[in-house]
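> Sequence plus predicted model, see below.
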Amino acid sequence: MKKILAAALCLLLVFIAILLVNTWRFTPQTSEVSITHVPLADGEGSVERLARAIQIKTISLEDETGDRDAFLSFHRFLEDSFPNLHEKMTREIIAPYSLLYKWEGSNPDLKPMALLAHFDVVPVEPGTDDLWTYPPFSGQVADGFVWGRGTLDMKATFMAILESMEHLIKQDFVPQRTLYFACGHDEELGGMKGAARIASHLEQKKIQLAFTLDEGMVILDKDLSPSREPLAIIGIAEKGYVTLKLTATGQGGHSSMPPGKTTLAILGRAIASLEENQMPATLAGPVGYLFDAIGPDMPFLKKLLFANQWAFKPLLLKVLGTGNTTNAMIRTTTAPTIIQGGVKANVLPTTAHALINFRILPGDRIKDVIAHAKHVIDDSAVEITIDGKIQSNPSPVSSHRSMEFLRIQKTIQQIFPGTCVAPGLVLGGTDSKHYTKISDNCYRFIPFIFGPKDTSRIHGTNERVLIENYMDAQKYYIQLIKNTSVN
């Protein structure tokens with residue numbers, strides 16, 4: 001017995017030693033980047049232009065009945081606001097409100113790059129106008145912020161890109177690499193008439209891009225960052241999207257004589273089965289790259305866990321699965337969103353419907369989601385079909401070791417010193433998905449700092465952008481164009 005205990009103790013000590021050595025070797029990948037000071041010529045004027053951009057109600061509505069004159073007014077506003085840009089760059093109007101700018105580079109041998117943005121915004125939720133500190137389309141400049149719908153998503157980014165290009169053109173800067181600025185008008189509806197047609201237009205011209213950079217991820221401040229240090233996450237992929245419609249059928253009739261299995265109970269069991277039997281979780285792909293990058297900066301215990309995934313992977317997946325955001329990072333999510341069935345309290349419905357929205361993790365496909373749903377529900381009384389026109393498989397995973405990624409990382413650290421940079425996964429959808437066929441890599445990042453109170457402002461009440469951060473965003477895009485538009 002003593003020999004067995006001694007052997008067990010030796011094994012335990014070896015195990016602990018391996019854990020500690022792996023943790024000690026789990027160090028951050030550091031790079032020396034000098035702070036770059038980028039002067040702005042017209043900071044005050046740029047704030048006024050952003051405020052005016054917010055005032056133009058370029059609202060995308062699901063039924064596409066919005067004020068389309070507002071989109072044309074926005075075009076005219078851009079022409080008036082950025083005269084040098086419109087003189088130097090070519091502009092095409094695509095289908096019929098999106099815009100494609102081209103800044104010709106001096107070296108035709110270099111693949112072009114594209115900055116992506118959209119200028120449509122979501123509507124304000126009815127009945128919430130009085131909850132705003134300032135009217136949602138006022139573009140009010142107050143308290144160190146510009147307030148209004150679309151500031152964060154994503155007119156501040158849109159305008160910062162234009163301000164940066166106008167600034168560089170005034171400085172007689174000429175990029176070596178041709179630069180496109182693709183501006184969608186319906187991203188909030190899926191981008192099928194905007195970004196999709198711009199990408200198709202470029203594909204027809206046989207243009208292959210070195211990379212694209214769109215919205216997606218941001219800089220998390222110390223309170224939001226898991227490492228408690230400012231963290232910029234560059235999205236290297238985005239999740240796919242599909243909504244399944246469950247149609248349950250059963251015996252109708254009078255509610256005083258219900259059958260053993262009612263239609264609504266059949267549907268309820270199907271929904272419960274999907275929620276209780278989620279698709280598998282994984283630490284592979286973008287989420288794995290993220291934790292490889294930020295794990296070394298975490299507190300010791302968390303660092304030990306991520307440094308030794310071979311031993312603690314089941315525990316990590318269980319813990320990450322308990323949080324809404326972290327659970328969405330590690331698996332294809334299942335979200336029941338709509339239930340319909342029945343017309344009267346004393347009438348048994350013969351049919352009932354539910355919509356289940358899935359956000360698909362890279363590695364899974366739409367066909368896998370359907371197969372999973374059929375296997376889990378396993379009921380011939382429930383028909384499973386795809387609902388709606390919007391559906392997409394996850395995007396390809398772009399390289400986080402490419403020269404373009406490293407240059408984006410360098411730019412972030414030049415303008416936002418002390419910020420850790422990591423690759424990651426975009427949980428929502430962006431226009432980038434339409435460009436994957438014509439771009440070597442698609443990245444998703446905007447240079448805005450978010451704290452705990454900022455995430456709810458996107459598409460929510462009191463959307464606003466910090467003016468100081470908006471100034472830094474302009475500096476970021478000026479430096480980014482300098483860094484990436486060369487060989």
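Nice, I can see it.
> and Ile234, what does it touch?
Neighbouring residues of Ile234 by CB atoms under 8 Å, 6 or more residues apart in numbering: 217, 400, 405, 408-409, 421-424, 443-445. Where C-beta positions appear, they are placed from N, C-alpha and C, glycine not excepted.
> do Leu115 as well
161, 179-182, 212-214, 477.
> ok, the strand or helix carrying Ile93: who's next to it in the sheet?
According to DSSP states H and E, Ile93 maps onto strand 90-94. Paired neighbours of strand 90-94 in the sheet (DSSP bridges): strand 98-103 (antiparallel).
> Could you list the domains of this structure?
Following automatic domain parsing, the chain resolves into domains at 43-216+428-484, 240-392.
> Can you add distance to Gln29 and mean pLDDT and give these back as CSV?
Shown next, in CSV, are the domains of the chain (distance: least, CB to CB, whole Å; pLDDT from 0 to 100):
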stretch, distance to Gln29, mean pLDDT
domain 43-216+428-484, 18, 95
domain 240-392, 7, 94
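> So for Val21, which of these sits nearest?
Checking these against Val21 by CB to CB gives domain 240-392 as the closest, at 9.2 Å.
> Which stretches in the stretch 151-300 of the chain count as strands?
Remark: strands assigned in the stretch 151-300 of the chain by DSSP state E, counting those that start in this stretch are 179-184, 209-220, 231-238, 240-249, 253-254.
> So which bits of the strand holding Ile93 are buried?
Ile94 (16 or more other CB atoms under 10 Å).
> hmm, who's touching it?
By CB under 8 Å, 6+ apart, strand 90-94 touches 75, 99-102, 104, 194, 197-198, 201.
> one step back: got TSV for the strands of the stretch 151-300 of the chain, with distance to Leu19 too?
What follows is the strands of the stretch 151-300 of the chain, written out as TSV (distance: least, CB to CB, whole Å):
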stretch	distance to Leu19
strand 179-184	48
strand 209-220	28
strand 231-238	25
strand 240-249	36
strand 253-254	64
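> sorry, back to before: just the buried residues of the contacts of Leu115.
Neighbour-count burial (16+ other CB under 10 Å) applied to the contacts of Leu115 gives 161, 179-182, 212-214, 477.
> Which residue is the nearest non-sequential neighbour of Arg457?
Spatial nearest neighbour of Arg457, excluding adjacent residues (CB to CB, 6 or more residues apart in numbering): Glu463 at 4.7 Å.
> for Val347, same thing?
Closest to Val347 by CB to CB, 6+ apart is Ser255, at 6.4 Å.
> Off-centre distance for stretch 36-46?
Here the centre of stretch 36-46 is set off from its chain's centre by 28 Å, with CA atoms, centre = their mean, to the nearest Å.
> right, I mislabeled it, should have said stretch 47-58
Between the centre of stretch 47-58 and the centre of its host chain there is 23 Å, according to CA atoms, centre = their mean.
> circling back to that earlier point, could you check how many residues crowd around the residue nearest to Val347?
Neighbourhood size, Ser255 [other CB atoms under 10 Å]: 13.
> Correct me if wrong: it contacts Val343.
No - checked against CB atoms under 8 Å, the pair Ser255 and Val343 is beyond contact range at 11.7 Å.
> now the strands for the stretch 301-450 of the chain?
333-341, 347-348, 351-360, 382-392, 420-426, 439-450.
> so which of the ones you listed comes closest to Ser225?
Of all the strands of the stretch 301-450 of the chain, strand 420-426 comes closest under CB to CB, at 7.8 Å.
> ok, residues contacting that closest one?
So strand 420-426 is contacted by 28, 216-217, 225, 227, 229-239, 285-287, 289-290, 293-294, 297, 329, 361-362, 400, 405, 409, 412-413, 444 (CB under 8 Å, 6+ apart).
> Could you dump the strands of the stretch 301-450 of the chain into TSV with distance to Met89 and mean neighbour count added?
Output for those, formatted as TSV (distance: least, CB to CB, whole Å; neighbours: other CB atoms under 10 Å):
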stretch	distance to Met89	mean neighbour count
strand 333-341	41	15
strand 347-348	63	16
strand 351-360	36	20
strand 382-392	30	14
strand 420-426	28	25
strand 439-450	20	24
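> now those strands in a markdown table, with distance to Lys374?
Output for the strands of the stretch 301-450 of the chain, formatted as a markdown table (distance: least, CB to CB, whole Å):
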| stretch | distance to Lys374 |
| --- | --- |
| strand 333-341 | 14 |
| strand 347-348 | 26 |
| strand 351-360 | 12 |
| strand 382-392 | 6 |
| strand 420-426 | 26 |
| strand 439-450 | 32 |
